[in-house]
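Undergrad: no sequence for this one, just the structure:
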Ligand SMILES: Cc1ncc(COP(=O)(O)O)c(C=O)c1O
């Protein structure tokens, strides 16, 4: 089929994630990938600046992962892992994860992706408190600009309001506090650091809601889709203290930050704290097949295992513990370990950040941040006031298109150019990413300034 016939067929038959026909003009049909590069149906090559959707950590074109899938599919592609059934890849993956994640987390439930992991975390938190005789503890607190997926409860925890209006009402019992954004969070308490002040918002929210009603606080160690918000170093230590003090479970949403993205295996390792529940997806298989899940602390596992059969943990997905997906995950972990890609993310990320900092002097570049190979460049209309451009100039789309024209694929969220290239990206390509940003931003700013001037003139 020709490219234009494929595009016509796409328009006739596909509903895309975040669907709107206005995006058709920039649709590209992706056909192949190798390492950090992807190719479209016209044969043009791009740097994959977002690893697909923050997930292709080991890079594209890994034969070894395809072989692992093929081997498992030709032996036993699928069978149910419902209680009473199990399979070798799921057992091996759970055991292996117990050696990689936080020491107090040794038990895992698998899902097909991140939103299902969020749902599982919320339900597990409620289950835990009910089992301990505290059935009123049901509320979940999250942050503005958080992204936890788009099923109904996950969407309600997600703190990006653009996702809500056409699907309201949201699930009751989900509350949001400010994000610990070092660029935009302001504190009126001079006695404590910015990180502690931002964490204290959690204490205020728990006290407002009533500690006896709050089941959990969910947080991405680095907020991804909300614009790569790297919290101050002391934020999570204070969050952990508050959660422990008020009997609120701490859920780490490691769907993006897991499996090396930030230069450590898991994001909270940077901050020296452990969650009660952690959730993951994306990088566990580098996106080669869908897989997600949660890990629970030994204390939670004891509670789950301790209830009478009649009140069992009645939660399930057909594809939980999918043998093929778990086999691919094991192969993906082999690659991450053998090629020391977690260390590579730390070293490459430091290089990327250093070079991105060189952009901060540019007109319109308000803030630059990164942790490992997870970075953002925030573009603003006014560097003094930090004001964003008005929505009608569609800066994000213009930036995305300008980057694509120059050979860089990525996403722009809330006027933050997000970067999360595969962990295998070479130094030369990391430097090229920064050069492309340097070339692309000024003409886009010129265009939107001209447009804004025209739209405000009489
Ligand atoms: C932190 C986080 N949690 C959850 C999700 C939802 O994952 P999925 O799209 O697989 O449902 C995402 C997806 O980007 C995410 O970034």
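TA: Perfect, thanks for sending it. Treat the numbers as computed from the prediction; the structure is a model and nothing was measured.
Undergrad: in the longest helix anywhere in the chain, what's buried?
TA: The helix that spans the most residues within the chain, counting by DSSP state H, is helix 427-456. Along helix 427-456, these residues count as buried under the neighbour rule (16 or more other Cβ atoms under 10 Å): 429-430, 432-434, 436-437, 440-441, 444-445, 448, 451-452. Bear in mind the C-beta positions are built from the backbone N, C-alpha and C, glycine included.
Undergrad: what would the residues you listed look like in TSV with pLDDT and distance to the ligand?
TA: Below are the buried residues of helix 427-456 laid out as TSV (pLDDT from 0 to 100; distance: Cβ to the nearest ligand atom, whole Å):
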residue	pLDDT	distance to the ligand
429	98	23
430	98	22
432	98	25
433	98	20
434	98	24
436	98	23
437	98	22
440	98	24
441	98	25
444	98	25
445	97	28
448	95	27
451	86	31
452	80	31
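Undergrad: could you pull out the strands for the stretch 1-150 of the chain?
TA: 30-34, 37-40, 45-48, 105-111, 139-143 (DSSP state E, counting those that start in this stretch).
Undergrad: Let me have those strands in CSV, extended by mean neighbour count and distance to the ligand.
TA: Below are these laid out as CSV (neighbours: other Cβ atoms under 10 Å; distance: least, Cβ to the nearest ligand atom, whole Å):
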stretch, mean neighbour count, distance to the ligand
strand 30-34, 14, 18
strand 37-40, 19, 18
strand 45-48, 20, 16
strand 105-111, 22, 9
strand 139-143, 25, 11
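Undergrad: Save those as a markdown table, and put in mean pLDDT too.
TA: Below are the strands of the stretch 1-150 of the chain laid out as a markdown table (pLDDT from 0 to 100):
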| stretch | mean pLDDT |
| --- | --- |
| strand 30-34 | 98 |
| strand 37-40 | 98 |
| strand 45-48 | 98 |
| strand 105-111 | 98 |
| strand 139-143 | 98 |
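Undergrad: Now this protein against the ligand: closest residue?
TA: residue 114 (2.1 Å; Cβ to the nearest ligand atom).
Undergrad: what's around that residue, how many residues?
TA: Residue 114 has 27 neighbours, counted by other Cβ atoms under 10 Å.
Undergrad: Looks like it contacts residue 257 (just checking).
TA: No. Counting by Cβ atoms under 8 Å, residue 114 stays clear of residue 257, with 11.6 Å between them.
Undergrad: Spatially nearest residue to residue 288 (excluding sequence neighbours)?
TA: residue 65 (4.6 Å; Cβ to Cβ, 6 or more residues apart in numbering).
Undergrad: And stretch 343-355, what's buried?
TA: So for stretch 343-355, counting by 16+ other Cβ under 10 Å, buried means 344-346, 348-349, 352-353, 355.
Undergrad: before we move on, the earlier item: so how far is residue 53 from the residue of the chain closest to the ligand?
TA: Distance from residue 114 to residue 53, counting by Cβ to Cβ, to the nearest Å: 10 Å.
Undergrad: shared neighbours of those two, which are they?
TA: residue 282 (Cβ atoms under 8 Å, 6 or more residues apart in numbering).
Undergrad: Tell me where the stretch 201-350 of the chain has strands.
TA: So, for the stretch 201-350 of the chain - with DSSP E, counting those that start in this stretch - the strands run 214-219, 249-253, 277-280, 292-297.
Undergrad: Taking strand 249-253 as reference, get the angle to the first one.
TA: Inter-element angle recorded for strand 214-219 and strand 249-253: 30 degrees (by axes from the mean of the first three to the mean of the last three Cα atoms, to 10 degrees).
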